Each structure stands twice: as structure tokens, then as C-alpha cells.
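**Student:** pasting the structure only:
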């Protein structure tokens, strides 16, 4: 335990130091921080799972856009036995530059064991 005495001089010095720091911070321009790709992937899966209540299994498409990020996430919608009959879905997910989810929509639904007949998807 220390026994320090707060004198008016020490309080003034501490106050002045804090005001100087606040002043510097208020003049520093605030840039919006662009999230790192792996942070975006983790956050997108977690946010989508929280909103939909479904397990995000993988990310099949990922790209940086002018507004932020665009992903396609594969989700388990309905678990069945055998597993190859489970229903899966692809969700298009949009995030802002900081990695916060701004929108999502289901773009297709399929059985896990089925190949995509549309070819290049």
C-alpha cells in the first residue's frame, strides 16, 4: 500500500497531461478500419449463424468490394440421415468495410450429396 498525497500541483499536472492527450486525439483524423480477410470470414460465419440459427459450414466465395466484402456461405439447413441427404443452402452475405454484416439472402438450396447441375457454381 502506498501513501501518496495529492497536492494541488500534482492534480494540475495530471489534468494538464490528460487535456493535452485529449486535444491530440480530437485533432487526429479518424479513419474507418478495414477488417482483415480472416477476421471477416470468422465474423461473417458467426453473425450469419447467430441471425439464422443455422450452422455455417464453409465459405465458397469471398471477395472485397468497394463497399466492403461479399461472401457466399454454405449452411446446413436441415440435418438428415444419411448425411448425404441433409439440406444445404448457399447464402450471399454482404459486410461493410469493418466486417459488420449488412445483409444476406439465400441464393440456392440443395441436398448435400447432389452435384450442382448448373455447372460452374
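**Tutor:** Yep, that arrived. Only a predicted model underlies this, so the values are computations on that prediction, with no experimental measurement involved.
**Student:** contacts, neighbours, all on C-alpha from now
**Tutor:** Fine.
**Student:** tell me where the chain has strands.
**Tutor:** Using DSSP state E, the strands found in the chain span residues 55-64, 68-78, 87-96, 101-111.
**Student:** from residue 93, how far off is residue 47?
**Tutor:** From residue 47 over to residue 93 the distance is 10 Å, taken as CA to CA, to the nearest Å.
**Student:** return the residues in contact with residue 46.
**Tutor:** Contact analysis of residue 46 by CA atoms under 8 Å, 6 or more residues apart in numbering lists residue 56.
**Student:** which pLDDT value belongs to it?
**Tutor:** Residue 46 carries a pLDDT value of 94.
**Student:** same question, residue 114
**Tutor:** Per-residue pLDDT puts residue 114 at 84.
**Student:** residue 1 now?
**Tutor:** Predicted confidence (pLDDT) for residue 1: 52.
**Student:** please apply the same query to residue 37.
**Tutor:** 89.
**Student:** surely residue 48 meets residue 56?
**Tutor:** Yes. Between residue 48 and residue 56 there is a contact at 7.2 Å, judged by CA atoms under 8 Å.
**Student:** more crowded one of those two?
**Tutor:** More neighbours surround residue 56 than the other of residue 48 and residue 56, with 23 against 20 (other CA atoms under 10 Å).
**Student:** quick one: residue 86 from residue 40, how far?
**Tutor:** As for residue 86, its distance to residue 40 is 27 Å (criterion: CA to CA).
**Student:** looking at those two, which is more packed in?
**Tutor:** residue 40 (24 against 16).
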